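Student: Provided below are the primary sequence and the corresponding predicted coordinates.
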Amino acid sequence: MKIGAPAKALDAAMVMAVMAVDKQADTPIRIVADHGTVGFCVTNPRAVVSISTTTAASMEETGSATVSARRLAALLSGFGPRSTINITTTDTAMMISSGNSRYRLPLLADPPAGLVINPEIGRVELASADCIRLLDVVAAADTEKTRFFLTGVYLHSDGDKLIGVGMDGTKMLRVGVVADHFSEDNRLIIPATAVKLLDKLLRATKPQMVTLRRSHAAFSATAPGFEIVSGMIDAAYPDYKKVLPPPNGSSASCQRAEMVAALTRLKAVAGGDLPLIMVTWVGDEPIRMFLAHEPDVGTDAVAAQTCGSARMALSLAQLTAVLAEFKDDALLIEMTDRGVIIRQGDKFGLLMSCRFIEKEIAA
């Protein structure tokens, strides 16, 4: 291999590829130079994920080599962005030079082959912004390893929409975007680690479109300059539709920013580590909120259009976290017998209520 390329371009490609490195091991990176481009591929067997990136390069000799991802990334990041990096390989080493600087890295054995989508059983092309919206539901995914089937984002097609779901048994986020048919079973569960990596890649590269593909065991996302392939969680996702509590006729429409501001003020004066917030309303009156165990410490009101009546205790921290996943526009809050449903367009969140004995207020 004998190539030359701007340091800025090589470093940008490396930064994306090394997102997949195993933090507990010195992960190898496979470098392939061919057809006027140099490609980097890092496979993390522990996380079952691989990231491949490419950038243009001038090429005197094609070839491939494997070196330490951590050491090469650190080396490339130390050159000025306007530098030109020259890379050559021998049978045992990779030589990296720029101007009067010369460095050598030992070659490593080739890593196991990266993950592949074979056979491909689903493909869809999405706008990058829509893909990011689907990924955002990972905020509600479980972190408890014993419920591993909930520790990722579930994607499935429903009519003319692709639906993304994340939940942990207490809260849930669901969003839909218009898309061609992609997946009809309940087994396309992308691990949270891969979801967060894909989100970083999309936000860093800002492509207009991204192509999603799947097999029976793997999921991939491809955009100009990168591809990420991840194993899927080997489980069937629960039928979340069957456990959704139906609204009881009580609802309130308010501005998200005003509700978040009120919760922020209540959190500032709350005592204890896990404060509960009591949310109440009566038709044609504002939403009123106070600290369930400390009603005299803090109370607030949010302007809203309300229907029916409601009174429910919720986790202040979890309600704040769910609201953070929506935009600063009007929200529709629907009361159910077991929690609240928050809607905004094609996105909704569910937060289950907390057990609270009302007589404690008087105490």
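Tutor: Thanks, I have the structure now.
Student: So what's the gap between whichever strand or helix holds residue 94 and the chain middle?
Tutor: For residue 94, the element it lies in under DSSP states H and E is strand 93-98. The chain centre lies 36 Å from the centre of strand 93-98; the measure is Cα atoms, centre = their mean, to the nearest Å.
Student: which parts of that strand are buried?
Tutor: By 16 or more other Cβ atoms under 10 Å, the buried positions in strand 93-98 come out as 94, 96, 98. C-betas here are computed from N, CA, C, even on glycine.
Student: cool, stretch 129-144 as well?
Tutor: 130-142.
Student: Show the end-to-end separation of it, please.
Tutor: 29 Å (Cα to Cα, to the nearest Å).
Student: Show the average pLDDT along it.
Tutor: Average pLDDT, stretch 129-144: 96.
Student: what sits up against stretch 278-290?
Tutor: For stretch 278-290, contacts defined as Cβ atoms under 8 Å, 6 or more residues apart in numbering pick out 250, 252, 254, 259, 262-263, 266, 277, 291-292, 295, 298-304, 306-314, 319, 333, 340, 356.
Student: Straight-line length of it, end to end?
Tutor: Note: stretch 278-290 ends 5 Å apart using Cα to Cα.
Student: next one: stretch 100-114
Tutor: 36 Å.
Student: Now name the helix or strand holding the most centrally placed residue in the chain.
Tutor: Among the residues of the chain, the one closest to the centroid is residue 196, at 3.7 Å (Cα atoms, centre = their mean). Per DSSP H and E, residue 196 falls inside helix 192-205.
Student: if we can go back for a sec, what is the nearest of the buried residues of stretch 129-144 to residue 80?
Tutor: Closest approach to residue 80 among the buried residues of stretch 129-144 (Cβ to Cβ): residue 132, at 32.1 Å.
Student: Doesn't the closest one belong to a strand?
Tutor: No - Residue 132: not assigned to a strand; according to DSSP: H, G, I helix; E, B strand; the rest coil it is helix.
Student: How about the contacts made by it?
Tutor: 199, 202-203.
Student: Of those, keep whichever come out buried.
Tutor: For the contacts of residue 132, a burial check counting by 16+ other Cβ under 10 Å picks out 199, 202.
Student: I'd like to know which of the contacts of residue 132 is nearest to residue 122.
Tutor: Of all the contacts of residue 132, the one with the least separation from residue 122 (Cβ to Cβ) is residue 202, at 19.3 Å.
Student: and the contacts of residue 132 as a markdown table, adding distance to residue 190?
Tutor: Shown next, in a markdown table, are the contacts of residue 132 (distance: Cβ to Cβ, whole Å):
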| residue | distance to residue 190 |
| --- | --- |
| 199 | 11 |
| 202 | 14 |
| 203 | 17 |
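Student: The contacts of residue 132 into JSON lines, with extra columns for pLDDT and distance to residue 192?
Tutor: Converted to JSON lines, those look like this (pLDDT from 0 to 100; distance: Cβ to Cβ, whole Å):
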{"residue": "199", "pLDDT": "97", "distance to residue 192": "10"}
{"residue": "202", "pLDDT": "97", "distance to residue 192": "16"}
{"residue": "203", "pLDDT": "96", "distance to residue 192": "16"}
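Student: Closest to residue 181 out of the contacts of residue 132?
Tutor: For the contacts of residue 132, the nearest to residue 181 is residue 202 (22.1 Å; Cβ to Cβ).
Student: That closest one against residue 223, yeah?
Tutor: Yes - applying Cβ atoms under 8 Å as the test, residue 202 and residue 223 come out as touching, 7.1 Å apart.
Student: shared neighbours of those two, anything?
Tutor: 128, 210.
Student: mind listing what's buried in stretch 15-35?
Tutor: Buried-residue list, stretch 15-35, by 16+ other Cβ under 10 Å: 15-22, 27-33.
Student: Pick the one among the residues you listed closest to residue 5.
Tutor: residue 33 (9.5 Å).
Student: Now do the host helix or strand of the closest one against strand 93-98, angle only.
Tutor: Using DSSP H and E, residue 33 maps to strand 28-34. Put simply, strand 28-34 runs at 70 degrees to strand 93-98, going by axes from the mean of the first three to the mean of the last three Cα atoms, to 10 degrees.
Student: Just the mean pLDDT for strand 28-34, thanks.
Tutor: The model assigns strand 28-34 a mean pLDDT of 96.
Student: which residues of the stretch 251-363 of the chain fall in strands?
Tutor: With DSSP state E, counting those that start in this stretch as the criterion, the stretch 251-363 of the chain has strands at 276-282, 287-291, 299-302, 304-307, 309-315, 330-336, 339-344, 347-352.
Student: what distance separates the last one from the centre of its chain?
Tutor: With Cα atoms, centre = their mean as the basis, the distance from the averaged C-alpha position of strand 347-352 to the chain average is 17 Å.
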